[in-house]
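**Q** dropping a prediction and its sequence here:
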Amino acid sequence: MSEGDLRVFAGYDRDFTEEADAVVVGSGPGGAIVAGELTRAGYRVVLVEEGPPFTPGDYEVDGGLSMARTLREGGLRTTVGTVMPTMQAVALGGGSLVNSAICNRAPEFVLDRWCEDFDLSDTHLSDLDPHYDAVAETIGISPTPEAVQGRRNLLFRDGCDALGFSSEPIARNVRGCRGSGECFTGCRSRAKQSMDITTVPAALRGGATVLTSARVEAVETSGDRAIGVMGRIVAPFTGRPSHRFRVRARAVVLAAGCMATPVLLQKSGGIANRSGQVGRNLQFHPGVGVMGIFPDRVEPQFGATQGYQSREFLEAGFKLETLWAPPALLAVRLPGSGLDLKRRLADVPYSAVWDAIASCDRSLGRVEARRSGFDPKITWRLNPDDTPILAEAVYRLAEIFFAAGARSVLCGVHGFPDEIHTLEEAEILRRRTLRPSDLVLGGNHAFCTTRMHGDPTRGVVDELGRCHDLENLWIADSGVFPRCPSVNPMWTIMALARRTALALAERL
Amino acid sequence: MMPLRGGANRRLSFRAMWGWATAAALGALGAWGCARIFVGYPPPSGSPQALRRRELATLAAVAEALFPPGGEIPPSGSDAGIAAYVDRLVAASQPRQRQLMRALFFLIEHGTLAFPAPGGLSGLRRFSGLDASQREAVLDAWQHSGWFVRRLVFTSLRALCTLGYFADPTVLRRLRLAPYAIDTPVCEADLRYPRIGAAASSIPYTADDLTPPSDGAPIDLDGPWMAGFAEDAD
Ligand SMILES: Cc1cc2nc3c(=O)[nH]c(=O)nc-3n(C[C@H](O)[C@H](O)[C@H](O)COP(=O)(O)OP(=O)(O)OC[C@H]3O[C@@H](n4cnc5c(N)ncnc54)[C@H](O)[C@@H]3O)c2cc1C
Ligand code: SF4
């Protein structure tokens, strides 16, 4: 196969049409894997991505400016209902460009329940393991070495050890991580194995065509078949549309992400929606962050962005992990103003931030296309029955902080002291009923808006990712999860996407 | 035409007077509103990319109230150039987000009409016209409001200003949180992607420029800062 072709915004000078065996929309973990596998199988693939490729020269180390450049709605996207920020990237590589590279296999109990509750038969851990293994090899998944953990991560381990909670170094898709803690703004060490530097170049080597700054605006259909996609070239950052393009293909794979794929289906005349489930069932792993202040400097800027985790409470509904982000983004959560705020900012070098992601599968929402534009309306409500899970997670994080020697803890819960100095003070979290708006939430893991279900009247795709309604339309992003996976989703997205790609390759 | 009877005449002239008085009151209110919103703001010091002088004035006032001079980190909000930073951020944002940010500034600046600062009538002045202690009191009230939306306005505004404060190299160096200088390896992707906005022909690398990948050596905490954050960059 001859070398493929990558096109960038400056290279488009007219409307055009491409022909392919398969067109893949979106180059995040889902789409990039599908494009790579199909090219490897010898098919002619066009991968279409709305965002541009980022080179290290394009990274902004400043958190705010970086968000404005790499994220949808400048990083200010929020849900309505329960207001919660949610981030989706718009870049070659999708979320893998900005994420922390955490890789977890979905727990066996989660996948077993998926199978039971959604009429699936081949989505047990043993079914997905070969796909997880193949992905791990491609993107170099391995546990974070101790040398680049940094004190911020190791204190978490110490706290867990002191309490007898299980914990482990996080497995990540990195090669040669230097512990710069900059995963969110782009890895200047080129250690993070994001899709733009791994699977996309591999697809190009295999002959794929990659259109960047190209926004798909509709899937074209004829009868019960998808016949391709059409869209516009869009300027990086402003999204200003220019030339039109079409890709004609025998199969269409949507991997535009859990927020964008349902919008595309809705804007294409409501296709693939006989079940009525497109855009519905939205779930997140809502997250809460807690900061601990230690008596001596932690130097939290050093260490793998997220290097340690505890699955001790997975079955209770939450997973605990360490966290770092550009200091400005962490500091925005600090309470107070004036000299009091400055005092707290001065504490940042003495601090560590740890977070919890929760499995709140009673808290549901939906994604709807707006009349104009492609940014979705995202409605979601934290179910009051899920609030105690998050309160307990905050309590456990405080407990680990104090066990690790923190002198104070900032829980970030409204109506609760800004800073506590003993675990007894945190007990109130367990006694008081919190309202959803008392919590400062964030939700960057989003799922289920085109969920898989064995029953075509209750889901959009089957177990392999094929739409129940259109036999050559496939979906390969986190929207196909039938329920939240309880752990960071990227590896599972890629494992499922690989299975989808292999199934499609057999049928093409 | 039938002459109007006295009562009807009086009603008409009363109605006319009422109409005029209402129009005059509305006109005066409108003029006062316009003056409150548009007049009397100082010209900006640099050349802003996106924000209007009134928005810059609000931001400068908020920045100074959130980050006053002194305390554990010497630079104040003005020293750190928060207003200029937020201007850059707004310029880099998409139209809908710009509108949201503008709405934030407006709400804080004129929210004193609904939630006045202490100090009687002077507490109704726009935020940027209040004195330091009044500003502090206003922000405190937004921050601790029992009403979620008011807290959200405050935290969003504080978030924007904190981003600006932490973008200042002096602040970052003081906390030893500035980014480190890192030698970025040249990998296969660098042979394929030009800088954003540039043509493929501008890619500066060939296969000869490829370097060994990162060896995983931990960042040196005593190593130099990244260009632009070092002392000599000020
Ligand atoms: C800050 C952050 C940190 C995270 N950390 C982790 C982590 O450490 N581990 C983990 O497992 N998960 C993490 N996640 C979540 C993870 O990154 C996402 O779940 C994952 O990227 C989703 O993959 P995807 O392929 O479904 O969609 P995406 O990654 O969102 O990719 C979709 C792609 O499609 C493109 N696209 C959208 N619409 C169109 C269109 N109309 N035309 C063309 N292209 C389009 C988008 O620009 C995007 O590039 C993180 C997320 C964020 C935001
Ligand atoms: S911690 Fe730093 S070196 Fe390691 S993968 Fe993230 S950005 Fe790269």
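**A** Happy to help now that I have it. Ligands and ions are numbered 1, 2, ... in the order given.
**Q** and the lengthiest helix in chain B, how far out from the chain middle?
**A** What stands out as the longest helix in chain B, according to DSSP state H, is helix B:6-38. Here the centre of mass of C-alpha atoms in helix B:6-38, compared against the chain's by CA atoms, centre = their mean, to the nearest Å, lies 37 Å away.
**Q** helix or strand right after that helix?
**A** helix B:53-66 (DSSP states H and E).
**Q** now do that following helix against helix B:6-38, angle only.
**A** On the basis of axes from the mean of the first three to the mean of the last three CA atoms, to 10 degrees, helix B:53-66 is oriented at 60 degrees to helix B:6-38.
**Q** the next helix or strand after helix B:53-66 close to chain A?
**A** Downstream of helix B:53-66, the next assigned helix or strand under DSSP H and E is helix B:82-92. Yes - Helix B:82-92 reaches chain A (CB under 8 Å from any CB of the partner chain) through B:85, B:88-89, B:92. All C-beta atoms are positioned from the backbone trio N, CA, C, and that covers glycine.
**Q** returning to what we had before: what mean pLDDT would you report for the longest helix of chain B?
**A** Averaged across helix B:6-38, the pLDDT comes to 75.
**Q** closest to chain A out of the residues of helix B:82-92 next to chain A?
**A** Ranked by distance to chain A (CB to the nearest CB), these are led by B:Ala92 at 4.1 Å.
**Q** separation between the residue nearest to A:Gly11 when sequence neighbours are not counted and A:Leu92?
**A** Nearest residue to A:Gly11, sequence neighbours excluded (CB to CB, 6 or more residues apart in numbering or on different chains): B:Ala200, at 5.9 Å. With distances taken as CB to CB, to the nearest Å, B:Ala200 is found 14 Å from A:Leu92.
**Q** the more surrounded of those two?
**A** Using other CB atoms under 10 Å in any protein chain shown, the more surrounded residue of B:Ala200 and A:Leu92 is A:Leu92, with 29 against 14.
**Q** would you check that that one makes contact with A:Ser27?
**A** Yes - taking contacts as CB atoms under 8 Å, A:Leu92 lies within contact range of A:Ser27: 5.3 Å.
**Q** which residues are in contact with both of these two?
**A** Common contacts of A:Leu92 and A:Ser27 (CB atoms under 8 Å, 6 or more residues apart in numbering or on different chains): A:49, A:51, A:195-196, A:200, A:210.
**Q** those: which ones sit near ligand 1?
**A** Among the shared contacts of A:Leu92 and A:Ser27, the residues lying close to ligand 1 (CB under 6 Å from any ligand atom) are A:49, A:51.
**Q** A:Ala134: what secondary structure?
**A** Three-state assignment for A:Ala134 (DSSP: H, G, I helix; E, B strand; the rest coil): helix.
**Q** list the contacts for A:Thr138?
**A** A:36, A:198-199, A:202.
**Q** quick one: which two of those are the most distant?
**A** For these, with distances taken as CB to CB, the pair at the greatest spread is A:Gly36 and A:Thr198 (8.5 Å).
**Q** returning to that earlier point: helices - which of the shared contacts of A:Leu92 and A:Ser27 land there?
**A** In helices, defined here by DSSP H, the members of the shared contacts of A:Leu92 and A:Ser27 are A:Val200.
**Q** just name the closest of the shared contacts of A:Leu92 and A:Ser27 to A:Gly269, please.
**A** Nearest to A:Gly269 among the shared contacts of A:Leu92 and A:Ser27, counting by CB to CB, is A:Glu49 at 23.4 Å.
**Q** quick check: that closest one vs A:Ala356, distance?
**A** For A:Glu49, the distance to A:Ala356 equals 32 Å [CB to CB].
**Q** quick one, which of those two is more surrounded?
**A** It is A:Glu49, of A:Glu49 and A:Ala356, that has more neighbours when counted by other CB under 10 Å, with 32 against 26.
**Q** against A:Glu19, how distant is the more buried one?
**A** A:Glu49 sits 19 Å away from A:Glu19, going by CB to CB.
**Q** next one: A:His421
**A** Taking CB to CB as the measure, A:His421 falls 67 Å from A:Glu19.
**Q** re the thing from before, can I get the shared contacts of A:Leu92 and A:Ser27 in a markdown table with distance to B:Ala60 and pLDDT?
**A** Shown next, in a markdown table, are the shared contacts of A:Leu92 and A:Ser27 (distance: CB to CB, whole Å; pLDDT from 0 to 100):
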| residue | distance to B:Ala60 | pLDDT |
| --- | --- | --- |
| A:Glu49 | 40 | 98 |
| A:Gly51 | 34 | 98 |
| A:Met195 | 42 | 98 |
| A:Asp196 | 39 | 98 |
| A:Val200 | 44 | 98 |
| A:Val210 | 45 | 98 |
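**Q** so what's the closest residue to A:Ser189 other than its chain neighbours up against?
**A** Closest residue to A:Ser189 apart from its sequence neighbours, by CB to CB, 6+ apart: B:Ser214 at 4.4 Å. Residues near B:Ser214 by CB under 8 Å, 6+ apart: A:175-178, A:189-191, B:185.
**Q** what does the pLDDT read for B:Ser214?
**A** For B:Ser214, the model assigns a pLDDT of 97.
**Q** break down chain A into its helices, ranges please.
**A** A:29-40, A:63-70, A:108-117, A:125-139, A:150-163, A:199-205, A:260-267, A:327-331, A:338-346, A:387-403, A:423-426, A:428-431, A:490-507.
**Q** return the most buried member of the ones you listed.
**A** Of the helices of chain A, the one with the most neighbours on average (mean count of other CB atoms under 10 Å in any protein chain shown) is helix A:29-40, at a mean of 30.
**Q** is ligand 1 contacted by that one?
**A** Yes - contact of helix A:29-40 with ligand 1 (CB under 6 Å from any ligand atom) involves A:29-31.
**Q** contacts only, for the closest residue to A:Phe401 other than its chain neighbours.
**A** Leaving aside its sequence neighbours, A:Phe401 sits nearest to A:Gly292 (CB to CB, 6+ apart; 3.4 Å). With contact taken as CB under 8 Å, 6+ apart, A:Gly292 is in contact with A:155, A:351-354, A:398, A:401-402, A:404, A:406, A:408-410.
**Q** from the chain's centroid, how far away is stretch B:191-208?
**A** Distance of stretch B:191-208 from the chain centroid (CA atoms, centre = their mean) equals 36 Å.
**Q** start and end of it, how far apart?
**A** End-to-end distance for stretch B:191-208: 10 Å, by CA to CA, to the nearest Å.
**Q** before we move on, the earlier item: among the helices of chain A, which is nearest B:Glu72?
**A** Of all these, it is helix A:338-346 that lies closest to B:Glu72, at 3.7 Å by CB to CB.
**Q** can you read off the pLDDT for the residue of the stretch 51-200 of chain A found nearest chain B?
**A** Closest to chain B within the stretch 51-200 of chain A is A:Gly176: 3.2 Å, counting by CB to the nearest CB. At A:Gly176, the model reports a pLDDT of 98.
**Q** which non-adjacent residue is nearest it?
**A** Here the residue nearest A:Gly176, using CB to CB, 6+ apart, is B:Ser214, at 3.2 Å.
**Q** okay, and the one you found sits in which element?
**A** Using DSSP H and E, B:Ser214 sits within no helix or strand.
**Q** just the pLDDT for the closest residue to A:Arg72 other than its chain neighbours.
**A** Excluding the flanking residues, the one nearest A:Arg72 by CB to CB, 6+ apart is A:Gln88, at 4.6 Å. Looking at A:Gln88, its pLDDT reads 98.
**Q** is stretch A:9-19 positioned near ligand 1?
**A** No - if you take CB under 6 Å from any ligand atom as the test, stretch A:9-19 misses ligand 1, and the best it gets is 13.3 Å.
**Q** start to end distance for that stretch?
**A** End-to-end distance for stretch A:9-19: 20 Å, by CA to CA.
**Q** in stretch A:84-94, what counts as buried?
**A** Under the neighbour-count criterion of 16 or more other CB atoms under 10 Å in any protein chain shown, stretch A:84-94 has A:84, A:86-94 buried.
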